[in-house]
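# The following comprises the amino acid sequence and a computationally predicted model.
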Amino acid sequence: VIAIAWNCVNAAHVNAQQTATTTQKPIALQHGAHRIGRRTDADMEKWRAYGLGQFIHWGLYSIPAGEWNGKQYSGAAEWLKSWKEVSATAYDSLMYQFNPTKFNAESWAETAKQMGVKYVTITTKHHDGFCLWPSKYTNFTVANSPYKKDIIGPLVKAYDKRGIDVILYFSIMDWHNPDWRYDIKTREDSIAFDRFKQFTRNQLLELLTLYPTAKGLWFDGTWDKSWVKQAAFADSLEKEMRAMRPGLIIGSRFRADEYGKRHFDSNGNMMGDYEQGWERKIPEKIADVHGNDWDCVMTVPENQWGYSKVWKGHIKTTDELLEMLAKCVSLDGNFVLNFGPKPDGTLRTEELDLAKGIGEWMGINSEAIYNGEYAGLVKQDWGYYVKKTGTNKIYMLVFNVPVSGALNVVLPSRTAISKVYDLGNPGQNYAPEEIGTSAYFIHLKQQTFKRPFVIVLETADNSKNSGAQYQKAK
Ligand SMILES: C[C@@H]1O/C(=N\OC(=O)Nc2ccccc2)[C@@H](O)[C@H](O)[C@@H]1O
């Protein structure tokens, strides 16, 4: 009964999205969304269960790290080449300085393993066009740097070995390729961009061929008119990639429909397999995610993805990042934390410290994150509910303890609690005080907690017996 109730809640979300479009007559689309609602195959179910991921932004931009001729660039370090003070040729010659002698794929993957991530998204080529793999379609790759060797292959191997799935980040926009255009205005633009489209297709098929275990592609740099006008080409390329790699996971940012609509097509249906709009922001409520899969990608400082010498503004703490993780999982999403490795191939200390802090918490509480989903319960003052997929277990991820020390719990009607315990201290059982129909107070045994903690509610359907499980309110 509970499972059915929950599925009805979820289905309602998908239908809500469709009803939003069924009020007006749907537009016939050749290149819109090819599926309505979530993918139900095993590959996507595994992706849905990840909970926690790692993003890695690494490339030539990591060398100047946001500084050029002694001046600090105010934008994101990986956008340095777009700064008017930086000449393209001077930037591109950074290739001859790329020599990460301390790069060790095993050590990055081990850090990620200890942190508890289940997937990693790695930049193969960012907007600057420099390829971290020896692509045969351009000279602007690691092969022509002092380092010479492939970076992507060893990373895929090291992460796969630890059971961490790899997603390849790929920027369509490529500032190095002379055939890139921001818009197609002239016949010359069109001829050049046709060459660019073939180059892009060649590189993507090359990546899928060289790294067959990659589970998906995280596309970026797809907002300019030139690419937005390529609905038919991008649609056929997506079909070709999916045919080449059944189960491949591609987000909503890859292609636009024939009316230029991105992320959601002209009928309001999501493009691709999960929503990629949550970049450095998190949805507030379940209605915001429209029943779709999604991931939130997050920087440690305000907005730096590549390594930056200067981290301006607020630097997020372990507890802040844990709360973002909890919020994402409680709303059916994954939380992906970014790392910007240094030019020598080592990870920066602040990021290693965060990986350690998050890993320590995950070591105790990952049961509440992996295979976690929306519990059908709204956010509470004390924190977030997460339901374990396919079970009757609900987790309370507690970030704010009330002065009363009593956590208020209201469950769907006719849901009783059969067992309550502290995930970090299973011997610590609680006897909730029933204060109403399916409403309880859980009286905590202590007032101060150094880290967020998790209480497990094993729920049961008590529509059969009317007797209360615990003492009535006095
Ligand atoms: C992950 C980030 O992705 C980017 N850009 O993201 C977006 O464009 N995000 C976006 C744009 C419009 C709506 C929502 C998100 C890149 O430019 C940046 O360097 C980094 O790689």
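Cool, got the structure.

# Only C-alpha atoms from now on, for both contacts and neighbour counts.
Noted.

# which residues in the stretch 251-400 of the chain form helices?
Secondary structure of the stretch 251-400 of the chain by DSSP state H, counting those that start in this stretch: the helices cover 318-330, 349-365.

# I'd like those laid out as TSV, including mean pLDDT, distance to the ligand and mean neighbour count.
Shown next, in TSV, are those (pLDDT from 0 to 100; distance: least, Cα to the nearest ligand atom, whole Å; neighbours: other Cα atoms under 10 Å):
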stretch	mean pLDDT	distance to the ligand	mean neighbour count
helix 318-330	98	16	22
helix 349-365	98	17	17
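
# just so I know, which of those helices lies nearest A65?
Across these, the minimum distance to A65, taken as Cα to Cα, is reached by helix 349-365, at 15.4 Å.

# Up against the ligand, what does the stretch 251-400 of the chain have?
For the stretch 251-400 of the chain, the contact set with the ligand under Cα under 6 Å from any ligand atom comprises 277, 279, 305.

# So that I can see them in PyMOL, could you write out a selection of the buried residues among the residues you listed?
Restricted to buried positions by 16 or more other Cα atoms under 10 Å, the PyMOL selection for those reads:
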select buried, resi 277+305
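
# and the stretch 1-150 of the chain, which of its residues are near the ligand?
Counting by Cα under 6 Å from any ligand atom, the stretch 1-150 of the chain sits next to the ligand at E78.

# any idea of the pLDDT on the closest residue to the ligand within the stretch 1-150 of the chain?
The ligand sits closest to E78 of the stretch 1-150 of the chain, with a gap of 5.7 Å, by Cα to the nearest ligand atom. Model confidence at E78, given as pLDDT, is 98.

# How about the one 3 residues further on?
According to the prediction, K81 has pLDDT 98.

# ok, now F449?
Taking F449 on its own, its pLDDT is 88.

# Quick check: phi and psi on it?
Main-chain torsions, F449, degrees, to the nearest 10: phi -130, psi 130.

# In the chain, what helix or strand scores lowest on average pLDDT?
When each helix and strand of the chain is scored by mean pLDDT, DSSP states H and E, helix 2-22 comes last, with a mean of 46.

# buried sites along the helix or strand just after it?
Once helix 2-22 ends, the next helix or strand along the chain (criterion: DSSP states H and E) is helix 42-49. Neighbour-count burial for helix 42-49 flags 44, 47-49 (criterion: 16+ other Cα under 10 Å).

# Out of these, flag the one nearest to W133.
W47 (24.8 Å).

# Any stretches of the chain with poor pLDDT?
1-23, 462-474 (pLDDT under 70).

# Looking at it, what residue ends up closest to the ligand?
Closest point on the chain to the ligand, by Cα to the nearest ligand atom, is G277, at 4.4 Å.

# which residues does that residue contact?
252-253, 263, 296 (Cα atoms under 8 Å, 6 or more residues apart in numbering).

# Need the distance between the two termini of stretch 247-255.
For stretch 247-255, the first-to-last residue distance is 18 Å (Cα to Cα, to the nearest Å).

# Can you tell me what sits against that stretch?
With contact meaning Cα under 8 Å, 6+ apart, stretch 247-255 is reached by 41, 43-44, 215-220, 222, 227-228, 230-231, 234-235, 241-242, 262-264, 270-277.
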